[in-house]
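K.L.:
from the sequence below, what's the structure:
(one chain, ligands or ions: 3)
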Amino acid sequence: MIAREDERLQVLRNLRLLDTAPSESFDRITRMAAKLFDLPIAAVSLTDGHRQWFKSKVGVEHNSIPRIKAPCARVAEEADMLVIPDLGADAHYADSHLAASGIRFYAGAPLVTSDGFGLGALCVLGTEPRHASPDELAALHDLAAIVMSQIELQHAYGRIDPVSQLPNRTQFLEDLDDLALGSVGAKRLAVLVDIGRMDQVASLTSIHGTGAVDDIVEAMARRFQDEIGPERTVYHVGPTQFALLAPAEIEVQAYLDTLRMRLKGTRSEVTTHFVMTPAIGVAPFVVGRTTAKDVLRTAYSAVQVAYGRADSVSLYSEASDVSHSRRHGLLASFGSALVRSGELRAVFQPRIDLASRHCVSVEALLRWAHPTLGPVSPAEFIPVVEQSGLARPMTEWVLGNALRKVADWRASGTDLHVSVNVTSSNVEDVAFVETVSAMLDRLRVPAAALELEITEGTVMGNTAQAVTCLTGLRSLGVRVSIDDFGTGYSSLSYLRRLPIDAVKIDQSFVRNMVTDEKDHSLVRSLVGLSHDLGFRVVAEGVETDTDRVLLERMGCDEGQGYLFARPLEASDFPLWLDAFHAPARVSQRRELVELTG
Ligand code: C2E
Ligand code: MG
Ligand code: MG
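P.N.:
Ligands and ions are numbered 1, 2, ... in the order given. Reported below is the predicted structural model:
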């Protein structure tokens, strides 16, 4: 019997009804019950461990009464109707809490789950002794069944996430609306936790399948619920997002500090298994004034800002919302840019072999002419796209367009190589090697004519999959280089272990080389050490002839920069190439560069 009572309580608590705000959908039924009996009091009363708690009520002030000697408790225990015509004359209930508060008549219909657990009662109460007709009791029974199906429907359909078993976004929005039934004007904080960036989730899915994401989501759901305790609710509001309300009347800064501390623990736990970086957004709102959808939207905006912060926690601010909106807008329109023709194009910047002074290769760089915003800088849109699910289609777009152009140029007799920038999503993608191989075949470009550039930052967070991918690319014959080399914190001995062919020294070092002695020696040692390790060295940002001479003396293999050419439109490239290779003095070449620049 005790075991059954424990189970019954568990069932009740799992429904997550206890201590939730009043809800119009239940109040409607309670009002009908009171009207049906023409009585002042009715309630949906749930039997908790030591109390009868009212999910809905008319004519009662308090939210609960003690369970002991409460008729509703007996209705729940026996899962049967109970009518007490006169509590004052009833041997058991005459000294009950209800009788003491002036109640004389009681009728209750049980709220029974489909598994047979009695949760409580739908009851009507009167202050005068009374009888109940069979018709009245049948109607009360029906209303109780409606309450019960509402409870079960709410629980089962569309409100509970099947993976985490937590209430979902619909429930979160509804509970926020219901908060306004109790405390309009109160200031509260909504917290949104995202357990990993979109590109990280995509990588995890492509390596381990959707089951792996579900496992993490399930584990995190349990963890969040354990941390905040059974009395408070965690909602599963997006594929990898959880929301909760901070306790009422909490001090904002202190609360943010607590979140930062907790996140640190979570982060080390999550990252031991996968590269996932959780972030938390906190959105202040005023109960009854801020719409539920706005609460969720602003919390989501704060999460996006949090992703760019070192501590990964951010409080919503309108200013950052504006820049987030722009990024969001860019991302939304980038999706259409990928499928509409005319918005995106690849431009090509020559890479020059410094010893022979020949153009040996071109780097494909993406350009975007937005239909309303005009040209958008890659420095603005690439980081946004790189963190989204569009990173892969973007690389495929550039690869396809770059290879097609290079195939044309090669067909007209120019032995040219091309390099294309790739993102961390690509190297985490198990299908990437296959995609590249198929494209090379289709466009008839030899693998040796393609180089893929991956930034130093990306290889630093490398996983086993990234290394497998780079190895796979190289076994196709594709070359791999480290872009923006020197800006990350990787050591050369670390890079030595990676399957790469070349490093591209970042332009920030090259730019100051002439004036800054330290940068000069740094570039010289980077060139020397890279050669010792067997890497080819490319210098980015070669802007002056002095840069070129210095680099050539250092033995740097290739140079790329405005000295030779700015990124060129595909249609201008053959002309530039002819002129560059025409026997001419260097100074004439420079004039030409100014012309095309
Ligand atoms: P990156 O791959 O390091 O490309 C070199 C950037 O330096 C290009 O900027 C180029 O225009 C610029 N540059 C070249 N020579 C000089 C010079 O002499 N002086 C100066 N000051 N700048 C020079 P861009 O085209 O604006 O691209 C910026 C970054 O955006 C690229 O840096 C790359 O990380 C990213 N990006 C561009 N296109 C793509 C793409 O198709 N895919 C990906 N994933 N990233 C791309
Ligand atoms: Mg590059
Ligand atoms: Mg670079």
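K.L.:
which residues touch H358?
P.N.:
Contacts of H358 were listed using C-beta atoms under 8 Å, 6 or more residues apart in numbering, and they are I352, H581. Using the backbone N, CA and C atoms, a C-beta is placed for each residue, glycine as well.
K.L.:
do that again at 10 Å, thanks
P.N.:
H358 sits next to P350, I352, D415, L577, F580, H581 when contact means C-beta atoms under 10 Å, 6 or more residues apart in numbering.
K.L.:
of the residues you listed, just the buried ones, ChimeraX syntax please.
P.N.:
Selection of buried members from these for ChimeraX, criterion 16 or more other C-beta atoms under 10 Å:
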select :350,352,577,580
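K.L.:
out of the contacts of H358, which is nearest to ligand 2?
P.N.:
Ligand 2 has its nearest neighbour among those in P350, at 13.3 Å by C-beta to the ion.
K.L.:
the closest one - nearest residue in space that isn't next to it in sequence?
P.N.:
C359 (4.5 Å; C-beta to C-beta, 6 or more residues apart in numbering).
K.L.:
helix/strand/coil for the one you found?
P.N.:
strand (DSSP: H, G, I helix; E, B strand; the rest coil).
K.L.:
and for it, the neighbour number?
P.N.:
Look at C359: counted by other C-beta atoms under 10 Å, it has 21 neighbours.
K.L.:
before we move on, what about A212?
P.N.:
15.
K.L.:
what sits closest to it if chain neighbours are left out?
P.N.:
In this structure, A212 finds its nearest non-sequential neighbour in L204, 5.6 Å apart by C-beta to C-beta, 6+ apart.
K.L.:
so how far is R548 from the one you found?
P.N.:
Using C-beta to C-beta, to the nearest Å, we find L204 at a distance of 45 Å from R548.
K.L.:
one more: F348?
P.N.:
Taking C-beta to C-beta, one finds F348 at 20 Å from R548.
K.L.:
the more surrounded of these two?
P.N.:
Between F348 and R548, counting by other C-beta under 10 Å, F348 is the more crowded of the two (26 against 21).
K.L.:
show me the contacts for that one.
P.N.:
Listed by C-beta under 10 Å, 6+ apart, the contact set of F348 reads 361-365, 402, 405-406, 409, 416, 418-419, 565, 567-570, 572-573, 576-577.
K.L.:
near ligand 1 too, which of those residues?
P.N.:
Restricting those to those touching ligand 1 (C-beta under 6 Å from any ligand atom) yields L365, P567.
K.L.:
who does the residue in the stretch 201-350 of the chain that ligand 3 sits nearest to bridge with?
P.N.:
At 10.5 Å from ligand 3, Q349 is the closest residue in the stretch 201-350 of the chain, using C-beta to the ion. Beta bridges link Q349 to E363, judged by DSSP bridges.
K.L.:
before we move on, the earlier item: as JSON lines, the contacts of H358 with secondary structure would be great.
P.N.:
Shown next, in JSON lines, are these (three-state DSSP):
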{"residue": "P350", "secondary structure": "strand"}
{"residue": "I352", "secondary structure": "strand"}
{"residue": "D415", "secondary structure": "coil"}
{"residue": "L577", "secondary structure": "helix"}
{"residue": "F580", "secondary structure": "helix"}
{"residue": "H581", "secondary structure": "helix"}
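K.L.:
which one among the contacts of H358 gets closest to V542?
P.N.:
Comparing the contacts of H358 against V542 with C-beta to C-beta picks out I352 as the nearest, at 8.1 Å.
K.L.:
would you mind measuring from the closest one to A364?
P.N.:
Relative to A364, and taking C-beta to C-beta, I352 is found at 16 Å.
K.L.:
still on that earlier bit, from the contacts of H358, which single one is nearest ligand 1?
P.N.:
Comparing the contacts of H358 against ligand 1 with C-beta to the nearest ligand atom places P350 closest, at 9.9 Å.
K.L.:
doesn't F580 make contact with the closest one?
P.N.:
Yes: using C-beta atoms under 10 Å, P350 is in contact with F580, at 7.3 Å.
K.L.:
can you give me the pLDDT of the closest residue to ligand 3 within the stretch 1-150 of the chain?
P.N.:
Per C-beta to the ion, R16 is where the stretch 1-150 of the chain lies closest to ligand 3, at 51.9 Å. Looking at R16, its pLDDT reads 75.
K.L.:
so is it in a helix, a strand, or just coil?
P.N.:
coil.
K.L.:
same check, this time on A346
P.N.:
strand.
K.L.:
for it, what are its contacts?
P.N.:
Contacts of A346 (C-beta under 10 Å, 6+ apart): 362-367, 397-405, 418, 420, 567, 569-570.
K.L.:
how much space separates whichever residue of the stretch 251-400 of the chain sits closest to ligand 2 from R351?
P.N.:
As assessed by C-beta to the ion, ligand 2 sits closest to E363 within the stretch 251-400 of the chain, at 5.6 Å. Distance from E363 to R351, counting by C-beta to C-beta: 6 Å.
K.L.:
which among the contacts of A346 count as buried?
P.N.:
Buried among these (16+ other C-beta under 10 Å): 362-366, 397-399, 401-403, 405, 418, 420, 567, 570.
K.L.:
which parts of the chain sit against ligand 1?
P.N.:
349, 365-366, 378-379, 382, 398, 421, 423, 453, 483-484, 507, 540-543, 560-562, 567.
K.L.:
change it to 8 Å
P.N.:
346-347, 349, 363-367, 377-379, 382, 385-386, 391, 394-395, 398, 420-423, 453, 455, 483-484, 504, 506-507, 511, 540-543, 560-563, 566-567 (C-beta under 8 Å from any ligand atom).
K.L.:
separate out the buried members of those.
P.N.:
For the residues of the chain next to ligand 1, buried by 16+ other C-beta under 10 Å: 346-347, 349, 363-366, 382, 385-386, 391, 394-395, 398, 420-423, 453, 455, 483-484, 504, 506-507, 511, 540-542, 560-563, 567.
K.L.:
tell me where the stretch 51-200 of the chain has strands.
P.N.:
Secondary structure of the stretch 51-200 of the chain by DSSP state E, counting those that start in this stretch: the strands cover 51-58, 64-66, 82-84, 105-112, 118-126, 187-194.
K.L.:
select, out of the ones you listed, the one closest to H92.
P.N.:
Closest to H92 of those is strand 82-84 (C-beta to C-beta; 8.9 Å).
K.L.:
least trustworthy helix or strand in this protein by mean pLDDT?
P.N.:
One helix or strand of the chain scores below all others by mean pLDDT, DSSP states H and E: helix 586-596, with a mean of 54.
K.L.:
tell me which residues in stretch 96-108 are buried?
P.N.:
For stretch 96-108, by 16+ other C-beta under 10 Å, it's S96, L98, A99, I103, R104, F105, Y106, A107, G108.
K.L.:
setting aside sequence neighbours, what's the nearest residue to the second one?
P.N.:
Spelled out, that is L98. L87 (6.1 Å).
K.L.:
contacting residues for that neighbour?
P.N.:
69, 71, 93-96, 98-100, 102-106, 125-126, 129.
K.L.:
please report the distance of it from L122.
P.N.:
18 Å.
K.L.:
K293 - nearest residue in space that isn't next to it in sequence?
P.N.:
Closest to K293 by C-beta to C-beta, 6+ apart is L173, at 6.7 Å.
K.L.:
burial count for that neighbour?
P.N.:
Per other C-beta under 10 Å, the neighbour tally for L173 reads 18.
K.L.:
pretty sure it contacts Y235?
P.N.:
Yes: between L173 and Y235 there is a contact under C-beta under 10 Å: 9.2 Å.
K.L.:
pull up the overlap in contacts between the two.
P.N.:
Shared contacts of L173 and Y235, counting by C-beta under 10 Å, 6+ apart, come down to A243, L296.
K.L.:
dump the residue contacts of whichever residue of the stretch 51-200 of the chain sits closest to ligand 3.
P.N.:
Proximity to ligand 3, evaluated over the stretch 51-200 of the chain using C-beta to the ion, is greatest for D199 at 19.9 Å. The neighbourhood of D199, defined by C-beta under 10 Å, 6+ apart, consists of 275, 385-392, 423-426, 428.
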